[in-house]
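Colleague: Provided below for reference: sequence and predicted model.
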Amino acid sequence: VDKLEQSKDSVYFQDGLRRIDFVLSYVDDKDGDKKAERRREFETNLEKAGLELETEDKSESDDRKTYYLKIHAPWEVLATYADVLKIKVPFKLSDIPKGRDAPLQWLTRPFRLAPEIMKPDPDYFTAPFDKSKADFFLIKDKETFFPPSTRNRIVHYILTHCPYHKETHKDRDKTGIKRLLNNGTYTSAYPLHDCRYWKKAKETQCESERYQLYKHWASFLCFYKEQPLNLIRKYYGEKIGIYFAWLGFYTEMLFFAAVMGVICFVYGLLSYEDNITSKEICNPDIGGKIVMCPLCDRKCSYWKLNSTCLSSWQAHLFDNEGTVFFAIFMGIWVTLFLEFWKRRQARLEYEWDLVDLEEEQQQLQIRPEFELKCTNKRLNRITQEMEPYLPFTSKCTRFSVSGAVVLFWTLMIVACVMGVIAYRLAVYAAFASLMKDSPTSKIQLVGSLINPQLATSVTASCINFVIILLLNFVYERVAIWITDMEIPKTHMEYENKLTMKMFMFQFVNYYSSCFYVAFFKGKFVGYPGNYTYMFGSKLRNEECAPGGCLIELTTQLVIVMAGKQLVGNIQESLLPLIRNWWISRKGRNHPEGRYSRWEQDHDLQNFSQFGLFYEYLEMVIQFGFITLFVASFPLAPLLALFNNILEVRVDAWKFTTQFRRPLAAKARNIGAWKEILNVVAILSVVTNAFIMAFTSDMIPRLVYLYAYHPGNKATMEGYINNSLSVYEIDQLHEQNTPDPEEDPSWFNSNITTCRYRDYRYPPGHERQYTHTMQFWHILAAKMAFIIIMEHVVFVVKFFVAWLIPDVPSDVKARIKRERYLVQDYLRTYEVEKLKLQLSQSFCITTETSSLLPSSPDKHEVLSECI
């Protein structure tokens with residue numbers, strides 16, 4: 001085939017017959033001799049392994065610098081390694097009847113895709129490939145029997161285990177494509193997409209699955225449609241398929257949480273008129289006559305309670321009776337999500353032939369780095385073969401260093417959080433002084449909302465978010481370095497170790513500021529005349545905003561959560577687009593107009609081994625936001641739902657158009673993320689119970705309503721006056737007294753007392769400024785609420801977990817039925833094969849012994865053998 005006439009989308013060698021299974025690229029440089037020698041030895045060993053190679057000269061490339069080595073695996077190689085890797089292949093069409101359609105299925109018809117997209121292949125019975133039994137399997141065409149994703153996986157296995165040293169100078173370190181990529185011998189290694197994403201391939205034998213994925217999955221117009229999971233799995237492999245199945249299921253379950261969150265928020269809006277507490281604060285005869293003590297030393301003045309009128313209404317939107325029920329609902333929702341995901345995962349394991357993917361098979365995926373760095377060997381008791389291992393002393397040393405590094409960086413994050421807290425304490429007084437007569441206070445509607453508390457909270461949250469991004473950048477590299485140092489044995493073990501380290505760091509990094517606002521801010525303030533200071537410094541501990549700490553937690557949560565999602569979507573969509581445009585601009589302007597398939601893919605972004613890891617991490621961090629602190633912001637699930645609807649399509653678009661084709665890999669489940677989700681789910685019950693008890697004002701209000709209200713009728717009237725303690729202004733220390741120029745115009749010498757949020761005896765009482773009995777009643781009620789809420793939610797959680805089986809009963813039955821039929825077909829095949837061998841042997845024996853006397857028992861022996 002003439003090169004200039006060959007299709008740009010061709011995935012075949014120049015003969016148009018042999019399919020390209022993998023591509024390696026390289027360039028000539030100043031260190032060319034050494035690299036050329038490595039490439040020569042490596043390619044020679046690849047050919048000895050049975051692979052067929054074809055090199056595209058740099059004169060044919062778009063940049064006139066890059067060589068492309070195209071690799072094809074013939075049938076013998078594919079069959080041999082499919083046997084080694086125990087790859088499952090079809091041997092018979094499945095005759096297990098499909099389950100009945102769900103009732104009212106017509107309601108979901110607008111959200112469904114065409115059957116040929118959802119099920120690109122029929123259902124088969126499968127079994128691990130055995131080269132000696134090739135005629136047992138459904139091999140219609142050897143060139144198409146193994147799908148491209150399987151072919152790519154086999155070739156990559158050969159590339160990672162192929163040496164590049166001479167036979168006379170064996171060197172253990174000189175093995176595998178990864179080392180050749182690291183030392184610059186090759187610049188990239190990747191499998192090919194099957195066509196351009198916006199149109200089908202011209203070759204009829206090409207599947208054009210990338211085009212189908214772009215049209216029915218990556219398009220933003222399909223945001224309401226289901227995902228073609230089987231096609232995703234076929235093209236990208238089970239590991240990526242499982243991720244998108246989990247992401248889609250998580251998004252579906254978020255819908256129910258979002259609906260309940262909106263109902264809770266609407267209840268807060270509709271109960272505005274019943275909010276007696278805010279009415280008292282806004283009343284000029286009640287809140288307007290209550291003088292509050294200064295919130296900071298020297299620069300903060302006395303202030304009237306009715307100045308917080310709007311912030312109290314704002315707090316009511318999220319801090320109301322409905323929030324308690326929503327927090328309990330979310331505790332149960334988390335359990336339902338995890339239990340129903342187990343069932344969905346079990347169904348996928350059956351449909352995608354992952355049921356028998358045992359952990360022992362992961363031994364076939366031993367990392368080449370482990371084999372190279374571990375020179376010690378010992379006998380494997382199971383396989384009775386010598387295998388490399390890491391000595392116990394070396395393992396302990398490496399783990400100790402790893403633990404010390406993780407601890408150091410965790411303390412570094414805590415130090416940064418303490419720095420942000422110190423910033424909040426230091427600038428609050430400055431904001432209070434600057435904003436006293438600020439023109440922003442005269443702005444209609446929002447003027448009263450712009451106060452020192454809001455300015456401090458917003459700026460501190462933004463600074464905290466920037467610190468989070470910077471620490472993420474550094475720690476990602478640190479986590480990879482210490483995981484490499486531990487030398488995990490298998491790819492699965494490597495991913496799990498890295499996952500745990502990264503999540504520990506991200507947990508502290510993203511959630512520490514929220515934990516501070518929720519559980520520490522305003523809890524250790526002291527009282528006028530006896531304030532507490534940060535570590536003995538001159539920085540007075542921060543008090544909650546007039547509307548309470550819950551609204552500040554809401555602000556913190558919205559800024560960090562929304563900011564992370566915004567930055568994440570920009571990074572995921574715009575950065576790859578800009579990079580690919582910059583790299584491919586030369587190719588698009590090539591004078592010959594020839595921009596081949598391998599060059600197009602070469603100019604795309606590489607999908608690293610950590611690509612899927614970061615996708616999971618992003619979603620699990622979001623899961624933590626909507627569960628750990630959801631009691632402070634019921635609309636968090638709604639924000640997450642909108643983000644995830646966009647996230648699915650952004651990820652799909654990114655995988656289909658901006659990245660090289662990832663290497664297909666198998667996985668039964670979401671790995672270590674499952675255990676992390678379980679831990680977050682349990683912790684969320686505790687955090688929400690403490691938020692409702694100690695951060696929200698719900699419990700003090702309920703105690704007042706049922707135990708301390710005036711008169712015989714339960715009412716919230718008088719709650720504001722009851723919840724504020726009195727302090728004698730003359731008893732304030734000089735350092736706590738506002739500077740004279742800070743005093744407002746209405747303040748005069750006739751005002752002798754100020755109020756503060758606490759339950760303490762007034763001046764003149766025999767126990768003045770000590771906690772009242774109501775304080776201890778409220779504390780007891782808070783502890784009782786925590787115990788009751790936790791026990792109720794945990795009992796329901798465990799009951800639901802027990803009630804819902806992890807594997808659906810019909811899937812269990814199908815798995816047993818399929819195993820039985822597979823064994824039956826294999827036994828029948830063996831018997832038929834034995835009959836054929838015996839009959840052929842008998843015929844040959846008869847011919848060779850026709851001149852000899854016949855044995856009367858020969859037919860009887862043959863019959864007995866069969």
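Modeller: Thanks, I have the structure now.
Colleague: Which residue comes closest to Ile676 once chain neighbours are left out?
Modeller: Phe503 (5.5 Å; Cβ to Cβ, 6 or more residues apart in numbering). Quick note: C-beta positions are derived from backbone N, CA and C, even for glycine.
Colleague: So that neighbour, which state does it fall into?
Modeller: Of the three states, Phe503 takes helix according to DSSP: H, G, I helix; E, B strand; the rest coil.
Colleague: Now do the contacts for the residue nearest to Lys86 when sequence neighbours are not counted.
Modeller: What sits nearest to Lys86 in space, not counting adjacent residues and going by Cβ to Cβ, 6+ apart, is Pro128, at 4.3 Å. Contacts for Pro128 (Cβ atoms under 8 Å, 6 or more residues apart in numbering) come out as 86-89.
Colleague: Just the pLDDT at Leu677, thanks.
Modeller: With respect to pLDDT, Leu677 scores 94.
Colleague: wait, I meant Met485
Modeller: pLDDT, Met485: 88.
Colleague: Point me to the helix or strand that includes it.
Modeller: helix 452-486 (DSSP states H and E).
Colleague: What residues sit buried inside that helix?
Modeller: Across helix 452-486, burial judged by 16 or more other Cβ atoms under 10 Å covers 452-457, 460-461, 463-465, 467-468, 471-472, 475-476, 478-479, 482-483, 486.
Colleague: Can you give the distance of that helix from its chain's centre?
Modeller: How far helix 452-486 lies from its chain's middle: 17 Å, per Cα atoms, centre = their mean, to the nearest Å.
Colleague: Can you tell me which helices and strands it packs against?
Modeller: helix 392-434, helix 491-519, helix 549-588 (3 or more Cβ pairs under 8 Å, 6 or more residues apart in numbering; DSSP states H and E).
Colleague: Quickly compare these and say which is most buried.
Modeller: Among the helices and strands packed on helix 452-486, helix 491-519 has the highest mean neighbour count (mean count of other Cβ atoms under 10 Å), at a mean of 20.
Colleague: Toward the C-terminus, what is the element adjacent to that helix?
Modeller: According to DSSP H and E, the helix or strand after helix 491-519 is strand 526-527.
Colleague: and the helix or strand just after that next one, what's its mean pLDDT?
Modeller: Note on strand 526-527: by DSSP H and E, the next helix or strand toward the C-terminus is strand 530-531. Strand 530-531 carries an average pLDDT of 88.
Colleague: low pLDDT regions in the stretch 51-200 of the chain?
Modeller: 98-104, 168-173 (pLDDT under 70).
Colleague: could you pull out the helices for it?
Modeller: 75-84, 115-118, 142-145, 148-161, 177-182 (DSSP state H, counting those that start in this stretch).
Colleague: and Glu717, which of these is closest to it?
Modeller: Among the helices of the stretch 51-200 of the chain, helix 115-118 comes nearest to Glu717, with 61.2 Å by Cβ to Cβ.
Colleague: Counting neighbours, which bits of the closest one end up buried?
Modeller: Within helix 115-118, the residues scored as buried using 16+ other Cβ under 10 Å are Ile117.
Colleague: which helices and strands does it pack with?
Modeller: helix 229-236.
Colleague: what distance separates the helix it packs on from the centre of its chain?
Modeller: 20 Å.
Colleague: Let's test this: mean pLDDT of it, rounded?
Modeller: On average, helix 229-236 scores 94.
Colleague: Okay, angle between that helix and helix 148-161 too, please.
Modeller: On the basis of axes from the mean of the first three to the mean of the last three Cα atoms, to 10 degrees, helix 229-236 is oriented at 40 degrees to helix 148-161.
Colleague: Check which element follows helix 229-236 along the chain.
Modeller: helix 238-270.
Colleague: packing partners for that next one?
Modeller: Using 3+ Cβ pairs under 8 Å, 6+ apart: helix 238-270 touches helix 229-236, helix 309-318, helix 321-351, helix 611-628, helix 636-653.
Colleague: Take those and lay them out in JSON lines including distance to Trp303 and mean neighbour count.
Modeller: Formatted as JSON lines, these follow (distance: least, Cβ to Cβ, whole Å; neighbours: other Cβ atoms under 10 Å):
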{"stretch": "helix 229-236", "distance to Trp303": "58", "mean neighbour count": "22"}
{"stretch": "helix 309-318", "distance to Trp303": "12", "mean neighbour count": "21"}
{"stretch": "helix 321-351", "distance to Trp303": "28", "mean neighbour count": "20"}
{"stretch": "helix 611-628", "distance to Trp303": "33", "mean neighbour count": "21"}
{"stretch": "helix 636-653", "distance to Trp303": "31", "mean neighbour count": "21"}
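Colleague: Nearest to Lys166, out of those?
Modeller: helix 611-628 (35.5 Å).
Colleague: Now do the closest one against helix 549-588, angle only.
Modeller: Orientation check (the same axes, to 10 degrees): helix 611-628 against helix 549-588 gives 160 degrees.
Colleague: starting at the chain centroid, how far to helix 611-628?
Modeller: 4 Å.
Colleague: average pLDDT for it?
Modeller: On average, helix 611-628 scores 90.
Colleague: What is it packed up against?
Modeller: helix 238-270, helix 321-351, helix 491-519, helix 549-588, helix 636-653, helix 672-690.
Colleague: Packing partners of the longest one?
Modeller: Read that as helix 549-588. helix 309-318, helix 452-486, helix 491-519, helix 597-602, helix 611-628, helix 636-653.
Colleague: swap in the shortest one?
Modeller: For helix 636-653, the helices and strands in contact under the criterion 3+ Cβ pairs under 8 Å, 6+ apart are helix 238-270, helix 549-588, helix 611-628.
Colleague: mind checking which of those helices is nearest Asp601?
Modeller: Judging the helices and strands packed on helix 636-653 by Cβ to Cβ, what sits closest to Asp601 is helix 549-588, at 10.5 Å.
Colleague: Report the angle between the closest one and helix 452-486.
Modeller: Using the same axes, to 10 degrees, helix 549-588 lies at 60 degrees relative to helix 452-486.
Colleague: Return the residues in contact with the most centrally placed residue in the chain.
Modeller: Closest residue to the average C-alpha location of the chain: Tyr616 at 1.9 Å, with Cα atoms, centre = their mean. Remark: with contacts taken as Cβ under 8 Å, 6+ apart, Tyr616 is in contact with 243, 499, 670, 673.
Colleague: at 6 Å instead, please
Modeller: Counting by Cβ atoms under 6 Å, 6 or more residues apart in numbering, Tyr616 touches Trp673.
Colleague: what do you get for Glu728?
Modeller: When contacts are counted by Cβ under 6 Å, 6+ apart, Glu728 touches 753, 763.
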